[in-house]
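1. got a structure for you, letters missing:
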């Protein structure tokens, strides 16, 4: 159905994609995998018409496309679910779907469209209410709305999914992969961009690996492929050693650590409903405290309340025995708190700024010359930080809005680390990252621990929490259970508490 021939894309002097050729047919799941910044999203945005290729050609049903943009792409049957969703938060699900239907005319037949949404939702188990405003939905439900927009367009025959499981809880991933298989059985062609090798192994008919914008190789299921083959192709000559050992913190470093305490804390969500009630725990100095829970159980609200971005409804929050319950974010930054949110694109990044300019926001030490910021000196300072190299942060002059989600995640995490935190709140820091960068993030958190830095690590990946954390707090049923020492419990026990809350012990 579609063929890309020798397509390239450059952003200034940066070659994001270089002479890539690939194609897709009916009833096929085509996996596109590679490290963060390998060019996966850029290539698919060219296919969807967001970016115009610097060189190369696109063919639809054998016909060379002379003009190409998202409108033409949709008319030719191509739909895309972006990593950062294209939705109007104040509109309902139904209204957002209507906006995407270019053939629907100017007037909404709400009853007909509502019936269609409910029919498609039931067929593919997409649990969304057509009359709910999008801002009330969690990330997984918002993804369902994006999928509905594609499915309700009768011309759609090719679907592009850009890192779709990065917004899903672990228990939702399997259902999503089954849905992809259902789409394939209905005759759709599917491009699946991901960094998760197990997902590729589960559903892909073909796999193409990209590295630094170039095609490395393509595997076909009929010929067989393994996890090790894929990792080797992704990493090239880079040595792969993913062993980790939890470090100890010296007494000297512990003395400089920031100790945190919550007593009887209650927090409301964005809908003015109580999401967490009577939460109490103490965070030891220089420990990694894990926060576990099914998506939507108050993880984001708890992180924002500790950092000062959300008010407490009741209770006391203390840092080194100082009551900071009513203090603002600026005060908590001065105390040494830093936060990497679950959605850096929304919360941690100015898209029109360069990486260097973003890094200067509560990150790099400011350097002035004649009263103005000395950007050349700031660039030199940035290059001295080992985290920039370890996390493979892109070039300082790159504009943030042109980066992939994984590269933005790297930048936000690196900025928090180089700002010398005493307490780091890291929400899903490995979400959307390739296997090598996940390892680099884990190594960095262990190095911070050794230096006396405490980390609140929020993750839905129980294996990650048991690998990284000293203790785990579980959010369930509007309250908190634990913290539990990882040496005194099992992943299965934590999983039961996540699902059943207080009933897990019965």
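-> Looks like it arrived, so ask away. As the structure is a computational prediction, the values presented were derived from the model and not from experiment. Residues are numbered from 1 along each chain as shown.
2. find the residue closest to residue 399 in space, skipping its chain neighbours.
-> residue 354 (5.8 Å; Cβ to Cβ, 6 or more residues apart in numbering). The C-beta positions use only the backbone N, C-alpha and C, and glycine is treated the same way.
3. OK, contacts around the one you found?
-> Residues near residue 354 by Cβ atoms under 8 Å, 6 or more residues apart in numbering: 396, 397, 398, 399, 400.
4. can you give me phi and psi for it?
-> phi -70, psi 170 (degrees, to the nearest 10).
5. what about the residue nearest to residue 310 when sequence neighbours are not counted, how many neighbours?
-> Spatial nearest neighbour of residue 310, chain neighbours left out: residue 304 (3.8 Å); criterion: Cβ to Cβ, 6+ apart. Close neighbours of residue 304, defined as other Cβ atoms under 10 Å, add up to 19.
6. is it true that residue 304 lies in a strand?
-> No - using DSSP: H, G, I helix; E, B strand; the rest coil, the secondary structure at residue 304 is helix, not a strand.
7. before we move on, the earlier item: where does the residue nearest to residue 399 land on pLDDT?
-> As predicted, residue 354 sits at a pLDDT of 89.
8. repeat for residue 158
-> Reading off the model, residue 158 has pLDDT 92.
9. same thing with residue 336?
-> Residue 336 is given a pLDDT of 91.
10. report the contact partners of it.
-> 258, 420, 421, 422, 423.
11. for residue 320, same thing?
-> Applying Cβ under 8 Å, 6+ apart, the residues contacting residue 320 are 258, 259, 335.
12. ok, now with 7 Å
-> 258, 259 (Cβ atoms under 7 Å, 6 or more residues apart in numbering).
13. ok, it to residue 282 distance?
-> Separation of residue 320 from residue 282 (Cβ to Cβ, to the nearest Å): 12 Å.
14. what do you get for residue 197?
-> 39 Å.
15. what about these two, which has more around it?
-> residue 197 (21 against 12).
16. so that one is in contact with residue 225, correct?
-> No - with contact defined as Cβ atoms under 7 Å, residue 197 and residue 225 do not form a contacting pair (10.0 Å).
17. please enumerate the strands of the stretch 101-250 of the chain.
-> 158-162, 189-194, 206-211, 214-220 (DSSP state E, counting those that start in this stretch).
18. rebuild these as TSV, extending it with mean neighbour count and distance to residue 94.
-> Below are those laid out as TSV (neighbours: other Cβ atoms under 10 Å; distance: least, Cβ to Cβ, whole Å):
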stretch	mean neighbour count	distance to residue 94
strand 158-162	24	21
strand 189-194	23	25
strand 206-211	23	36
strand 214-220	16	41
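19. for residue 8, find the nearest of those.
-> strand 214-220 (9.7 Å; Cβ to Cβ).
20. that closest one vs strand 206-211, what angle?
-> 160 degrees (axes from the mean of the first three to the mean of the last three Cα atoms, to 10 degrees).
21. direction included, what does strand 214-220 pair against?
-> strand 206-211 (antiparallel) (DSSP bridges).
22. worst mean pLDDT across the helices and strands of this protein, which element?
-> Every helix and strand in the chain was compared by mean pLDDT, DSSP states H and E; the lowest is helix 251-255, with a mean of 68.
23. helix or strand right after that one?
-> Along the chain past helix 251-255, the next helix or strand (assigned with DSSP states H and E) turns out to be strand 260-268.
24. neighbours around residue 127, how many?
-> 9.
25. please apply the same query to residue 49.
-> The criterion is other Cβ under 10 Å. On that basis, residue 49 has 20 neighbouring residues.
26. repeat for residue 15
-> Count around residue 15 with other Cβ under 10 Å applied: 16.
27. now do the contacts for the closest residue to it other than its chain neighbours.
-> Nearest-residue entry for residue 15: residue 213, 5.6 Å, with adjacent residues in sequence omitted and distances by Cβ to Cβ, 6+ apart. Going by Cβ under 7 Å, 6+ apart, residue 213 touches 15, 16, 17, 18, 38, 39.
28. tell me which entries of those lie within helices.
-> Among the contacts of residue 213, no member falls in helices (DSSP state H).
29. looking at those residues, which are in strands?
-> Cross-referencing these against strands under DSSP state E gives 15, 16, 17, 18.
30. show me which of those residues is closest to residue 2.
-> So of those, ranked by how close each gets to residue 2 (Cβ to Cβ), first place is residue 17, at 15.9 Å.
31. what's the neighbour count on the closest one?
-> 29.
32. beta-bridge partners for it, please?
-> Applying DSSP bridges, one finds that residue 17 bridges with residue 9.
33. close enough to count as contact, it and residue 40?
-> No - here residue 17 does not reach residue 40: they are 9.1 Å apart, not a contact under Cβ under 7 Å.
34. that older thread, how close does the residue nearest to residue 399 get to residue 14?
-> Counting by Cβ to Cβ - residue 354 and residue 14 are separated by 12 Å.
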